[in-house]
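> I need the structure of the sequence given here:
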Amino acid sequence: MIALLIVAHGNLGESLIQCATFVLGKRPEALENLDLSACAEPAEMLDRASAKLAELDQGDGVLVLTDVYGATPCNTVCKAITSSNVEAITGVNLPMLLKALT
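Numbering: from 1, shown residues only. Here you go, the predicted model:
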C-alpha cells in the first residue's frame, strides 16, 4: 500500500485527516500528518521529514501532499525526497485527499 503523508502549515494536515475520517467512516491506514511549525531550524525540519518518509515507506512508496508550492513545508519535502518511491504534489485540499484515498 502506498502511504500518504500530508505536510502543511499548522494543523491543516490533521484537520484534513479528521475530515477524511468523517467522510470515509474510519481513519484511513497509512495516512500521516507532519507539522513542521514546531521546528526552529531548517535542518531539524529536514531531519523530521526524512525520518517520517523512511518510517512510512514500507516498499510501495509514499505520496506526499503539501499545501503551498514554494513554502517551507513544500521546500522541505523537496529536499527530503531521496527515493524514487516518493512523489509530492502541492495544493492539498479535501477533494484531493479523498481522491488519493479512494
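
> could you give the mean pLDDT of the longest helix along the chain?
Taking residue count as the measure and DSSP state H as the definition, the longest helix of the chain comes out as helix 42-56. The predicted model gives helix 42-56 an average pLDDT of 90.

> Going along the chain from it, find the next helix or strand for me.
The first helix or strand that comes after helix 42-56 along the chain, using DSSP states H and E, is strand 62-66.

> That next one pairs with which strands, parallel or anti?
Taking DSSP bridges as the criterion, strand 62-66 sits next to strand 3-8 (parallel), strand 86-90 (parallel) in its sheet.

> Convert it to PDB, retaining C-alpha atoms only.
This file holds the C-alpha atoms of strand 62-66, laid out as PDB (Å, rounded to 0.1, in the frame of the first residue of the first chain):
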ATOM      1  CA  VAL A  62       4.900   7.400  -0.300                       C
ATOM      2  CA  LEU A  63       2.800  10.100  -1.800                       C
ATOM      3  CA  VAL A  64       3.300  13.500  -0.100                       C
ATOM      4  CA  LEU A  65       0.700  16.200  -0.200                       C
ATOM      5  CA  THR A  66       1.800  19.700   0.700                       C
END
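
> picking up where we left off before, hey, what's the angle from the longest helix of the chain to strand 3-8? Just curious.
Going by axes from the mean of the first three to the mean of the last three Cα atoms, to 10 degrees, helix 42-56 is angled at 160 degrees with respect to strand 3-8.

> In PDB, could you pull the C-alpha coordinates for helix 42-56?
Provided in PDB are the C-alpha atoms of helix 42-56 (Å, rounded to 0.1, in the frame of the first residue of the first chain):
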ATOM      1  CA  PRO A  42      15.600  24.200   8.700                       C
ATOM      2  CA  ALA A  43      17.900  21.300   9.400                       C
ATOM      3  CA  GLU A  44      15.600  20.000  12.100                       C
ATOM      4  CA  MET A  45      12.700  20.200   9.600                       C
ATOM      5  CA  LEU A  46      14.600  18.200   7.000                       C
ATOM      6  CA  ASP A  47      15.600  15.600   9.600                       C
ATOM      7  CA  ARG A  48      12.000  15.100  10.700                       C
ATOM      8  CA  ALA A  49      10.700  14.900   7.200                       C
ATOM      9  CA  SER A  50      13.300  12.400   6.100                       C
ATOM     10  CA  ALA A  51      12.700  10.300   9.100                       C
ATOM     11  CA  LYS A  52       8.900  10.300   8.600                       C
ATOM     12  CA  LEU A  53       9.300   9.300   4.900                       C
ATOM     13  CA  ALA A  54      11.600   6.500   5.800                       C
ATOM     14  CA  GLU A  55       9.100   5.300   8.500                       C
ATOM     15  CA  LEU A  56       6.100   5.400   6.200                       C
END
